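[1] Predicted model, plus sequence, below.
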Amino acid sequence: MARTPKVIRVLVCDREARTFEELDEAEIDDITVKMVGWAQSTPEFDQALNSLNPDIIVMDMDNPSLDASEQLRQVFLNSLPVGVVVVFDQQDTQRVRSAMRLGVDDFLVRPVAPEALA
């Protein structure tokens with residue numbers, strides 16, 4: 001009997017939509033990745049988070065239109081059942097550590113290679 005593939009719903013909060021568009025509908029093992037939303041600002045993120053119920057959030061930590069650290073604090077304070085991957089423009093050990101202390105699951109540094117998304 002064929003197994004139904006699991007779908008992982010991803011909300012991308014990034015100023016550059018194209019960075020992650022090739023991840024949409026990607027199949028990794030028995031998992032299909034579905035990009036359910038994209039937000040560029042704090043209000044857009046709040047609305048998308050509340051209406052789309054993602055499994056994973058990909059958060060641009062260097063987006064000037066998004067208070068990423070505060071948004072992540074709210075996600076973790078509310079114990080939302082979501083995984084979080086953050087993206088930085090450059091490797092900054094202190095900022096990465098701060099994000100990890102907040103509770104993020106992983107981080108990426110631009111430019112993001114497609115294989116890093118799998």
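    Cool, got the structure.
[2] wouldn't Asp24 be in contact with Val36 here?
    No: Asp24 is not in contact with Val36 according to CB atoms under 8 Å; the separation is 9.3 Å. Glycine gets a C-beta too; all of them are placed from N, C-alpha and C.
[3] more neighbours, those two?
    Val36 (18 against 14; other CB atoms under 10 Å).
[4] next one: the helix or strand harbouring the more buried one to chain centre, how far?
    Here Val36 sits within strand 31-39, counting by DSSP states H and E. Distance of strand 31-39 from the chain centroid (CA atoms, centre = their mean, to the nearest Å) equals 9 Å.
[5] Give me the residues contacting the next helix or strand after that strand.
    Next helix or strand after strand 31-39 toward the C-terminus (DSSP H and E): helix 42-52. Helix 42-52 has contacts (CB atoms under 8 Å, 6 or more residues apart in numbering) with 9, 11, 13, 36-39, 54, 57, 65-67, 70-71, 75, 80.
[6] Go again with 6 Å.
    Applying CB atoms under 6 Å, 6 or more residues apart in numbering, the contact partners of helix 42-52 are Leu11, Cys13, Val36, Gly37, Ala39, Leu66, Asp67, Gln71.
[7] So for this protein, the centremost residue is which one?
    Per CA atoms, centre = their mean, the C-alpha nearest to the average position across the chain is that of Val58, at 1.1 Å.
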